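In: What shape does this take:
(4 chains)
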Protein chains: 2
Amino acid sequence: MKDVASAAGVALKTVSRVVNGEPGVHPETAERVRAAIDQLGYSRNESARVLRRGTTATIGLVIEDVADPFYAGLSRAVETVVIDHGCLLLSGSSGEQPGRERELVETFCARRVDGLIMVPAGDDHTYLRPELEAGTPVVFADRPPGAGIDVDTVLSDNVGGARQAVRHLLSHGHRRIAFLGDDPAIFTAAGRLQGYKEELGGLFDQRLVSMRTPAPEAVRAAMDHMFDLDDPPTALFTGNGRCTVTTLRVLDGRRPALVGFDDFELADLLDPGVSVVAQDPSWMGRVAAELLFRRLRGDTGPSEHIELPVRLIPRGSGELTPGDL
Amino acid sequence: MKDVASAAGVALKTVSRVVNGEPGVHPETAERVRAAIDQLGYSRNESARVLRRGTTATIGLVIEDVADPFYAGLSRAVETVVIDHGCLLLSGSSGEQPGRERELVETFCARRVDGLIMVPAGDDHTYLRPELEAGTPVVFADRPPGAGIDVDTVLSDNVGGARQAVRHLLSHGHRRIAFLGDDPAIFTAAGRLQGYKEELGGLFDQRLVSMRTPAPEAVRAAMDHMFDLDDPPTALFTGNGRCTVTTLRVLDGRRPALVGFDDFELADLLDPGVSVVAQDPSWMGRVAAELLFRRLRGDTGPSEHIELPVRLIPRGSGELTPGDL
DNA sequence: TTGAAAGCGCTAACAG
DNA sequence: CTGTTAGCGCTTTCAA
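Out: Below is the predicted model:
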């Protein structure tokens, strides 16, 4: 900038004004400065700018895994909103490890991100307190923070979605409905289990529930065990996209009715088409990011807790009746 | 840092030494400093550090779209390598728009990223020249740079993969093999078309080729047209994951043999299973990132051009014969 | 082993 | 409309 200034024969500050499009520069001077900039190939050093202004125009995003289609969709939506606001996105995957989540968050904070959107892996977020007190806005998406932390959240209607799925299966005559969900330590998995139980009421049978990280062998073992019961399930409710896919892989010719939580590509092309309770990851990302920017613009109201509705999409598998088995 | 220094009764520089784990600090002094840090909740301001040191420990990644499973997988792999090297990842999606690609790259460069990995959308990268001359290493993945730019590349064997696919179909008796590919302006699409032509030799028929952005209506129209020919195709070769999925959606009961470029989740669960020429996006991401870090460590050898092999996975659809139609 | 001073490149505040 | 000065928080250099 100094070089540009002397090349253009003006003061440093004038260059700064031109670079930042500040008003109050004679057009001719500005032109001279721009010429010098082009000639020298100058580009503003953002680090210095950040240091001086105290704001980084950077948002941090911590998710579980970019390679998971749900979080990929969420990421893309967040990215779009962030870029539209002239900011950049630092992102990282926690891989469902609380330690990694915390490391990422702390690294992002050391870089002084202006705000943070996170899908937490752990359930203790007291480490965020200094940042929150320093005024960094944080929005939790998909899962809420641990106890004692009061921040904005954007969640899906997990309980309601699960109830919808079970109600759908009940209405098609099923009474033995199994639940194949993820590790119940995960908030969404727990909520969906709760909805399943609530809707099932007296029909609930612990032996028809399996909750674990969806590894093929484990899911196959759980399924085999259920189908070996005297009173086997006639329908399955799977707790998230990965559970659904894993379950489909280990059906081995069995043809129970099936409703899965989460939509996925090609669900409509399978035979039968897979009925799902669909979330909208892009919507969640967009809502979370927009909420964050509202905070960044100075909205200091009480923390908001947005719950996004989910939608049951019938495609065939959820409309099979016990007689079809 | 100043506050920490006065709280601990030492000089600024001593705090800096402790924070950075530099040797030559009396253990007792260091302890006192650490206590002060904890008490004040101090954390180093990375922006200032960056400004002073001139290195950001940040890598920029520009891809086409994080929500595309191929690039999501690639992103995840890049992210892992980057984090393992103690760096952070700035990422953005170009959405196949050259202007957006350039904006992202320029923004990343203004932030002084230490290196750049990109899947280009455009074919003019001369704008990178100042950065390259300034010594910023850049690796192109999946697609090469435009003319006149000499950088490291990590590409798949597109031509060879296409030839493999066509050879496979030929060996199952097909002579009328259509190609449904993406916009030929895209490097990978062009390479796959070339392989298709080469392997087909005299059997090539321009009427069996359709290359465009895979929008359902357009693909359906192209297919209808081909199947209306006197000599319709008995087999299809689709040019990438999105083309394959779109094609599957518009088959409408027709049952040609099919081999797709790119693997995708559930390809094995469809009926018939979809045979594919599989790339490995994680591998590509890992190789690109590792190459970048090798450059960052000072390797100034001539630019490297790595070609990753692809693998044909037979699952049923590619093994149908003309008689099965 | 410790510290003082300079300065990275920029913007804010305040003149002219 | 333009310029001067101070200082963001850190690391580097040099001295004690």
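
In: only C-alpha atoms for contact and neighbour calcs from this point on.
Out: OK.

In: hmm, who's touching stretch A:118-129?
Out: A:61-64, A:94-99, A:101, A:138-149, A:186 (CA atoms under 8 Å, 6 or more residues apart in numbering or on different chains).

In: Tell me which of those fall in strands.
Out: Within the contacts of stretch A:118-129, residues falling in strands by DSSP state E are A:61-63, A:138-141.

In: In these, find the pair that's most separated.
Out: Maximum pairwise distance in the ones in strands among the contacts of stretch A:118-129, criterion CA to CA, is 13.4 Å, between A:Ile63 and A:Val138.

In: What parts of the stretch 51-200 of chain A come near DNA strand C?
Out: Remark: the part of the stretch 51-200 of chain A in contact with DNA strand C comprises A:51-53, using CA under 7 Å from any atom of the strand.

In: among these, who's most crowded?
Out: A:Leu51 (18 neighbours; other CA atoms under 10 Å in any protein chain shown).

In: Can you give me every residue that contacts that one?
Out: Contacts for A:Leu51 (CA under 8 Å, 6+ apart) come out as B:47-48, B:51.

In: I'd like to know which of these is nearest to A:Leu270.
Out: Proximity of these to A:Leu270 (CA to CA) peaks at B:Ser47, which lies at 51.1 Å.

In: Surely the closest one touches A:Val50?
Out: Yes. Proximity of B:Ser47 to A:Val50 meets the contact threshold set by CA atoms under 8 Å, at 6.6 Å.

In: quick one, which of these two is more surrounded?
Out: For B:Ser47 versus A:Val50, neighbours defined as other CA under 10 Å are more numerous around B:Ser47 (23 against 18).

In: Tell me the confidence at that one?
Out: On pLDDT, B:Ser47 comes in at 84.

In: How about A:Ala190?
Out: A:Ala190 carries a pLDDT value of 97.

In: contacting residues around it?
Out: A:Ala190 is in contact with A:Pro184, counting by CA under 8 Å, 6+ apart.

In: Could you pull up phi and psi at it?
Out: When read as degrees, to the nearest 10, the backbone of A:Ala190 gives phi -60, psi -40.

In: on that earlier part again, between the contacts of A:Leu51, which is nearest DNA strand D?
Out: Taking CA to the nearest atom of the strand as the measure, DNA strand D lies nearest B:Ala48 of the contacts of A:Leu51, at 4.3 Å.

In: Need the CA coordinates for the helix or strand harbouring the closest one. CSV is fine.
Out: Per DSSP states H and E, B:Ala48 falls inside helix B:46-53. Extracted in CSV, the C-alpha atoms of helix B:46-53 (Å, rounded to 0.1, in the frame of the first residue of the first chain):
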residue,chain,number,x,y,z
GLU,B,46,-3.8,-15.6,15.3
SER,B,47,-4.4,-12.6,13.1
ALA,B,48,-1.6,-10.6,14.6
ARG,B,49,0.6,-13.7,14.4
VAL,B,50,-0.2,-14.1,10.8
LEU,B,51,0.5,-10.5,10.1
ARG,B,52,3.9,-10.7,11.7
ARG,B,53,4.9,-14.1,10.4
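
In: between that helix and helix A:46-53, how big is the angle?
Out: With axes from the mean of the first three to the mean of the last three CA atoms, to 10 degrees applied, the angle from helix B:46-53 to helix A:46-53 works out at 130 degrees.

In: so how far is helix B:46-53 off the chain centroid?
Out: 30 Å (CA atoms, centre = their mean, to the nearest Å).

In: Is any residue of that helix near DNA strand D?
Out: Yes. Contact of helix B:46-53 with DNA strand D (CA under 7 Å from any atom of the strand) involves B:46, B:48-49, B:51-53.

In: quick one: pLDDT of A:Met284?
Out: 98.

In: residue contacts, it?
Out: Contacts of A:Met284 (CA under 8 Å, 6+ apart): A:74, A:141-142, A:154-155, A:308.

In: Next SSE downstream of the helix or strand containing it?
Out: In the assignment (DSSP H and E), A:Met284 maps to helix A:281-296. The first helix or strand that comes after helix A:281-296 along the chain, using DSSP H and E, is strand A:305-308.

In: could you give the mean pLDDT of that next one?
Out: Averaging pLDDT along strand A:305-308 gives 98.

In: now for that strand, which elements pack on it?
Out: If contacts are counted by 3 or more CA pairs under 8 Å, 6 or more residues apart in numbering or on different chains; DSSP states H and E, strand A:305-308 sits against strand A:152-156.

In: and the next element down the chain from the strand it packs on?
Out: Where DSSP H and E defines the elements, the next helix or strand beyond strand A:152-156 is helix A:158-171.

In: What residues of that next one count as buried?
Out: A:158-170 (16 or more other CA atoms under 10 Å in any protein chain shown).

In: who touches that helix?
Out: Everything outside helix A:158-171 that qualifies as a contact, by CA under 8 Å, 6+ apart, is A:177, A:188, A:191-196, A:198-200, A:235, A:237, A:257, A:259-261, A:276-277, A:309-312, A:318-319.

In: and those, which are buried?
Out: The neighbour-count test (16+ other CA under 10 Å) marks A:177, A:188, A:191-196, A:198-200, A:235, A:237, A:257, A:259-261, A:276-277, A:310-312, A:318-319 as buried among those.

In: For chain B, what's the nearest residue on the stretch 151-300 of chain A?
Out: Ranking the residues of the stretch 151-300 of chain A by distance to chain B (CA to the nearest CA) places A:Leu270 first, at 5.6 Å.

In: Show the pLDDT at that residue.
Out: Looking at A:Leu270, its pLDDT stands at 94.

In: so it touches B:Asp268, yeah?
Out: No. Taking contacts as CA under 8 Å, A:Leu270 lies outside contact range of B:Asp268: 10.4 Å.

In: Let's see the host helix or strand of A:Phe70 as CSV, backbone CA atoms only.
Out: Secondary structure assignment for A:Phe70, by DSSP H and E: helix A:69-84. Only the C-alpha atoms of helix A:69-84 are listed here, as CSV (Å, rounded to 0.1, in the frame of the first residue of the first chain):
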residue,chain,number,x,y,z
PRO,A,69,-25.1,-36.1,2.4
PHE,A,70,-27.1,-34.5,5.1
TYR,A,71,-24.3,-32.4,6.4
ALA,A,72,-23.0,-31.8,2.9
GLY,A,73,-26.3,-30.2,2.0
LEU,A,74,-26.3,-28.2,5.2
SER,A,75,-22.7,-27.0,4.5
ARG,A,76,-23.6,-25.9,1.0
ALA,A,77,-26.5,-23.8,2.3
VAL,A,78,-24.4,-22.2,5.0
GLU,A,79,-21.7,-21.5,2.5
THR,A,80,-24.0,-19.7,0.2
VAL,A,81,-25.4,-17.5,2.9
VAL,A,82,-21.9,-16.8,4.3
ILE,A,83,-20.6,-15.8,0.9
ASP,A,84,-23.6,-13.6,0.2
